[in-house]
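> sequence first, predicted model second:
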Amino acid sequence: MSPEINLEKAFQDRIDKGEKIEPKDWMPEKYRKTHIRQISQHAHSEVVGMLPEGNWITRAPSLKRKCALLAKVQDEAGHGLYLYSAAETLGISRDEMIEQLHSGKAKYSSIFNYPTLSWADMGAIGWLVDGAAIINQVMLTRTSFGPYARAMVRICKEESFHQRQGYEIMMVLASGTPEQKEMAQDALNRFWWPSMMMFGPRDEESTNSELSMKWKIKRKSNDELRQQFVDNSVPQAEYLGLTIPDPDLKWNEERGHYDFGDIDWNEFWQVVKGDGPCNKERMEARQNAWDNGKWVRDAAMAYAEKQSKSKSIAV
Ligand SMILES: [Fe+2]
Ligand SMILES: [Fe+2]
């Protein structure tokens with residue numbers, strides 16, 4: 001066997017035994033590249049995900065709601081930072097990742113390309129979008145790449161708080177006036193299908209799945225995770241007295257799961273390819289934040305340089 005094949009075999013053995021791969025360990029180039037792609041796109045999703053909710057901080061209906069939403073949005077910034085740091089351990093710079101986001105080369109979760117039209121959307125997003133994220137991310141706490149798995153443990157704790165604050169907003173609205181209940185129903189109607197799309201294409205169309213399973217980046221398929229999301233969400237919607245906008249949704253005794261209707265895959269691909277309702281607006285907001293933050297980055301660099309100079313003089 002060539003040395004490369006030996007290395008690959010030893011690498012796969014470690015993964016099969018459940019060992020974590022650390023940044024300085026040998027890894028196949030494809031493993032490194034796949035992780036840079038996945039972790040950076042995850043980081044971008046956290047950061048772009050602040051925009052639809054950030055939009056409602058000034059209009060939250062009470063001080064308590066404002067504080068909770070502010071804290072939640074701030075948590076998402078933190079998630080982005082842990083993840084950018086985890087990706088940097090694989091040999092890519094933060095600037096390069098940001099450049100890939102701005103140029104459209106890197107993707108982020110399509111759910112954030114939908115607009116937030118009412119306060120109830122803060123409830124639906126926390127409940128459904130953070131709920132779907134948790135299902136994906138709990139799986140990732142056991143992924144093979146150490147820095148990614150460890151970042152996920154902390155992120156998941158915060159995500160479950162996010163989901164509860166969203167569900168609580170929905171509970172208050174759904175048990176409020178008829179107009180409030182209608183707002184909650186409308187938010188569920190608009191966010192249900194985009195949330196279902198968060199698990200990605202159907203298994204037979206998912207190109208990266210096989211390697212991801214082998215390397216334990218993924219432990220469950222897109223369709224399995226989506227099913228789990230539906231099974232979790234139906235009783236929660238029932239408790240709220242709201243209706244999930246899917247006429248084909250019904251309990252299947254034989255499978256022990258809910259059956260559900262078809263996702264509009266045309267819409268999915270359209271949004272992924274950049275043609276969703278808010279894609280342009282989100283990228284403009286990120287680009288502006290980057291441009292307007294240049295003086296902060298420059299000042300931080302100048303200060304760091306000054307500090308290291310004064311230290312070297314002192315020595
Ligand atoms: Fe997050
Ligand atoms: Fe979250």
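Thanks, I have it. Ligands and ions are numbered 1, 2, ... in the order given.

> how about low-confidence regions in the stretch 101-250 of the chain?
Applying pLDDT under 70 to the stretch 101-250 of the chain picks out residues 208.

> dump the residue contacts of Pro277.
For Pro277, the contact set (Cβ atoms under 8 Å, 6 or more residues apart in numbering) comprises 113-115, 271. No exception for glycine: its C-beta is placed from N, CA and C like everyone else's.

> repeat the analysis, applying 7 Å as the threshold.
Taking Cβ atoms under 7 Å, 6 or more residues apart in numbering, we find Pro277 in contact with 113-115.

> as JSON lines, those residues with neighbour count and secondary structure would be great.
Formatted as JSON lines, the entries for the contacts of Pro277 read as follows, by neighbours: other Cβ atoms under 10 Å; DSSP: H, G, I helix; E, B strand; the rest coil:
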{"residue": "Asn113", "neighbour count": "24", "secondary structure": "helix"}
{"residue": "Tyr114", "neighbour count": "20", "secondary structure": "coil"}
{"residue": "Pro115", "neighbour count": "12", "secondary structure": "coil"}
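
> closest to ligand 2 out of these?
Using Cβ to the ion, Tyr114 comes nearest to ligand 2 of the contacts of Pro277, at 15.7 Å.

> list the contacts of the closest residue to Ile15 other than its chain neighbours.
For Ile15, ignoring the flanking residues on the chain, the nearest one in space by Cβ to Cβ, 6 or more residues apart in numbering is Ser144 at 4.9 Å. Contact criterion Cβ under 7 Å, 6+ apart gives 15, 20-21, 215-217 as the residues in contact with Ser144.

> checking the closest residue to Tyr108 other than its chain neighbours next. Helix, strand or coil?
With Cβ to Cβ, 6+ apart as the criterion, Tyr108 has its nearest non-adjacent residue at 3.9 Å, and that residue is His44. Here His44 is recorded as helix under DSSP: H, G, I helix; E, B strand; the rest coil.

> hmm, His44 is touching Ala106, no?
Yes - using Cβ atoms under 7 Å, His44 is in contact with Ala106, at 5.9 Å.

> who in this protein is up against ligand 2?
If contact is defined as Cβ under 5 Å from the ion, the residues of the chain in contact with ligand 2 are 130, 159, 162.

> how far is the helix or strand encompassing the last one from where the chain is centred?
Using DSSP states H and E, His162 sits within helix 146-174. Centre-to-centre, helix 146-174 and its host chain are 11 Å apart (Cα atoms, centre = their mean, to the nearest Å).

> can you check stretch 275-295 too?
Between the mean C-alpha location of stretch 275-295 and the chain-wide mean there is a distance of 18 Å, by Cα atoms, centre = their mean.

> so which bits of that stretch are buried?
Of the residues in stretch 275-295, those buried by neighbour count under the rule 16 or more other Cβ atoms under 10 Å are 276, 278-279, 282-283, 285-286.

> next one: stretch 115-127
Within stretch 115-127, the residues scored as buried using 16+ other Cβ under 10 Å are 116, 118-127.

> end to end, how far does it reach?
Across stretch 115-127, the straight-line distance between its terminal residues is 16 Å, by Cα to Cα, to the nearest Å.

> comparing His44 and Ala106, which residue is more hemmed in?
Neighbours were tallied for His44 and for Ala106 using other Cβ atoms under 10 Å; the higher tally belongs to His44 (24 against 18).

> got the contact list for that one?
Under the criterion of Cβ under 7 Å, 6+ apart, the neighbours of His44 are 101, 106, 108.

> mind running it again at 8 Å?
80, 97, 101, 106-108.
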